[in-house]
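Peer 1: coords please:
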Amino acid sequence: MAMLKRLLSLLLSCFSWYLISLPSPSYPRVFTQCLREKLPSELVYEQSSSSFTDVLGSSIKNPRFFTNATVRPLCIVTPTDACHVQAAVLCGRRHGVRFRVLSGGQDYEGLSYRWARHDEVFGVLDLADLRSVSVNHSESTAWVDSGATLGELYYAIAKNNSRVVFPAGDCPTVGVGGQFSGGGIRMMMRKYGLSIDNVLDAKMVNANGDLLDRASMGEDLFWAIRGGGGESFGVVLSWKIQLVQVPPTVTVFSIGKTLDQGAIDILTRWQVVGPSRPNDLTIRVKVQGPEALFLAVYLGTCSSLVTTMGRRFPELGISSADCRSMTWLESVALSFTTLANIGTPKEVKSDYVRRPISEAAWNGIFSWFKMSGSGYIMLEPHGGFMDSVPAAATPYPHRNGVLYIIQYLVFWQGDGGTAATPMTWLDDFYGFMGQHVSTNPRRAYVNFRDLDIGQNVVVDDVSTFHGGEVWGERYFMGNYPRLATVKAAVDPTDYLRNQQSIPPLL
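Peer 2: A predicted model of the protein is given here:
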């Protein structure tokens, strides 16, 4: 009898899941009606609204997805409270309309606000009005909403104490929600780890419309949203983060070396020096045209930096004249200004390097930057703190043994009419680089989203685990099955999905 009761309970549970996800034949109309009944009218923008295009465009950072060819959402919901998100999700579940979750709009493939195919009606939850930052200086912690930008987070922390920071990315317009949910590569990760390594708690709305925190969601789900792509598991509204101490001033330098000045020899040496001690020093490299630009932030004085570099990296030839002292926040602004002068990237790919690339190979690599349509690459060192974290500690698995990550970026003018040449260059160069980077699988970073490496296969309205392996293992390695197991536990009907969302392991 007890077994029969458990079976009946299971069947009723499965049936309730079916009912809540079953779309009505007239679901667009009844769905928007549900939103109008449950939400303040000023928070819902339908396609017929005069403000719809402006609201959508305000959060889209890549103009190639803001064209008439892009599939538009049925509506945009701009919540100002957790209860608005809950109501929207419940309306969507009841009437078979999925939501995309938009934080800063920086997703390189635009999956936070578009559908790459024309076969599904969807809405957008734009979190731009959920952007508060609350700092607890006595605990050195802060709560930050997902709709806040990194720049807003940095300012809110630093305005009362410039020595307490949260070093995430160096683009101030990136949304916190997207940066954190993909892991959060950041400037000082060799010292402090990724953004997710310093997340203490979170508040989210799950696929059933329930509001959860770390205690109520459980450790498996809390593990998954910190680097596994939060949009796969729910709508993360806010994050509690651990702040860190920095000196009152830091030292930065920017030194360019051309091929004639020995760029290849210096870059070859950097592959050993960059990921090694001291952890207080981060040296990134931008390779473009015939030049390698070495960009550094050091948590110390100029004299100490010059001594350290003279001992560990004399090939770069740094002197005190190359140093600039400033606050950590000023160093972020300088870094962004340096890179922003290049323009906004329109397409991106990524790789991880575990063995140094040879000097001869770098000669061949530099030849690609003489070609028409060439972009540039950013090399970001790992090592330090990153080596101390087990690959399974968070969904981000690229830890011990990784020397650096490569980000490939290309640009063009307008919305894509001149994209053919740089896109061809990117695809061909990425193919060429396969011989020099990680293999089996060739790794990639989920926040540098790339649909070319694979997309979900949907069968009976559910993304399949095996269909997602082709891209899931490249982003998450051995953590992909655990992510899919968590997905099956919290969203077995795959309500929250996109072309590269985690499929449920059923």
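Peer 1: grab the nearest non-local neighbour of Tyr480.
Peer 2: Gly472 (4.0 Å; C-beta to C-beta, 6 or more residues apart in numbering). Every C-beta, even on glycine, is put in place using the N, C-alpha and C of the backbone.
Peer 1: same for the helix or strand harbouring the one you found, what does it pack against?
Peer 2: In this assignment (DSSP states H and E), Gly472 forms part of helix 465-476. When contacts are defined as 3 or more C-beta pairs under 8 Å, 6 or more residues apart in numbering; DSSP states H and E, helix 465-476 packs onto helix 480-490.
Peer 1: on contacts alone, who are the packing partners of the helix it packs on?
Peer 2: Going by 3+ C-beta pairs under 8 Å, 6+ apart, helix 480-490 lies up against helix 219-225, helix 465-476.
Peer 1: which positions within the last one qualify as buried?
Peer 2: Buried residues in helix 465-476, defined by neighbour count with 16 or more other C-beta atoms under 10 Å: 465, 467-469, 471-476.
Peer 1: check the first one too.
Peer 2: When neighbours are counted by 16+ other C-beta under 10 Å, the buried residues of helix 219-225 are found to be 221-225.
Peer 1: one step back: wait, the residue nearest to Tyr480 touches Arg482, no?
Peer 2: No: assessed by C-beta atoms under 8 Å, Gly472 is found out of contact with Arg482, at 10.9 Å.
Peer 1: so where's this protein uncertain?
Peer 2: 1-27, 61, 116-118, 230, 339-345, 414-418 (pLDDT under 70).
Peer 1: center of it - which residue?
Peer 2: Centroid-nearest residue in the chain: Asn447, 3.1 Å away (criterion: C-alpha atoms, centre = their mean).
Peer 1: ok, that residue - contacts?
Peer 2: Neighbour list for Asn447: 178-179, 182-185 [criterion: C-beta atoms under 8 Å, 6 or more residues apart in numbering].
Peer 1: could you check how far it is from Asp119?
Peer 2: 26 Å (C-beta to C-beta, to the nearest Å).
Peer 1: now render the helices and strands packed on helix 480-490 as TSV, adding distance to Val459.
Peer 2: Output for the helices and strands packed on helix 480-490, formatted as TSV (distance: least, C-beta to C-beta, whole Å):
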stretch	distance to Val459
helix 219-225	23
helix 465-476	8
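Peer 1: of all those, which lies closest to Gln86?
Peer 2: The closest of those to Gln86 is helix 219-225. By C-beta to C-beta, the value is 16.7 Å.
Peer 1: helices or strands up against the closest one?
Peer 2: Helix 219-225 packs on strand 199-205, helix 480-490, going by 3+ C-beta pairs under 8 Å, 6+ apart.
Peer 1: okay if I get these as JSON lines plus distance to Thr308?
Peer 2: Shown next, in JSON lines, are the helices and strands packed on helix 219-225 (distance: least, C-beta to C-beta, whole Å):
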{"stretch": "strand 199-205", "distance to Thr308": "31"}
{"stretch": "helix 480-490", "distance to Thr308": "39"}
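Peer 1: between those, which one is nearest to Gln455?
Peer 2: Evaluated with C-beta to C-beta, these place helix 480-490 nearest to Gln455, the distance being 14.9 Å.
Peer 1: how close does the residue nearest to the centre of the chain get to His398?
Peer 2: Separation of Asn447 from His398 (C-beta to C-beta): 12 Å.
Peer 1: pull out the buried positions in stretch 451-458.
Peer 2: 453-456, 458.
Peer 1: so of those residues, which two are at opposite extremes in space?
Peer 2: Ile453 and Val458 (17.6 Å).
Peer 1: check which element follows the one helix or strand Val101 maps to along the chain.
Peer 2: Using DSSP H and E, Val101 sits in strand 98-102. Downstream of strand 98-102, the next assigned helix or strand under DSSP H and E is strand 122-126.
Peer 1: so what touches the following helix or strand past that next one?
Peer 2: Counting by DSSP H and E, the next helix or strand C-terminal to strand 122-126 is strand 133-136. For strand 133-136, contacts defined as C-beta under 8 Å, 6+ apart pick out 141-145, 148, 152-153, 156-157, 160, 243.
Peer 1: pull up the gap between Gln165 and Lys191, please.
Peer 2: Residue 165: Val, not Gln. 11 Å.
Peer 1: again, but for Pro290
Peer 2: In terms of C-beta to C-beta, Pro290 sits 32 Å off from Lys191.
Peer 1: and for Val457?
Peer 2: Applying C-beta to C-beta to Val457 and Lys191 gives a distance of 41 Å.
Peer 1: show me what contacts Pro441?
Peer 2: Counted by C-beta under 8 Å, 6+ apart, Pro441 has contacts 473-474, 477.
Peer 1: just the buried residues of helix 465-476 now: which is nearest Phe366?
Peer 2: Using C-beta to C-beta, those come closest to Phe366 at Arg474, 26.3 Å.
Peer 1: I figured the closest one hits Arg442, correct?
Peer 2: Yes: if you go by C-beta under 8 Å, Arg474 and Arg442 touch, sitting 6.2 Å apart.
Peer 1: count the neighbours of Pro422 for me.
Peer 2: 20 (other C-beta atoms under 10 Å).
Peer 1: that one sits in which helix or strand?
Peer 2: Assigned by DSSP H and E, Pro422 falls in helix 420-433.
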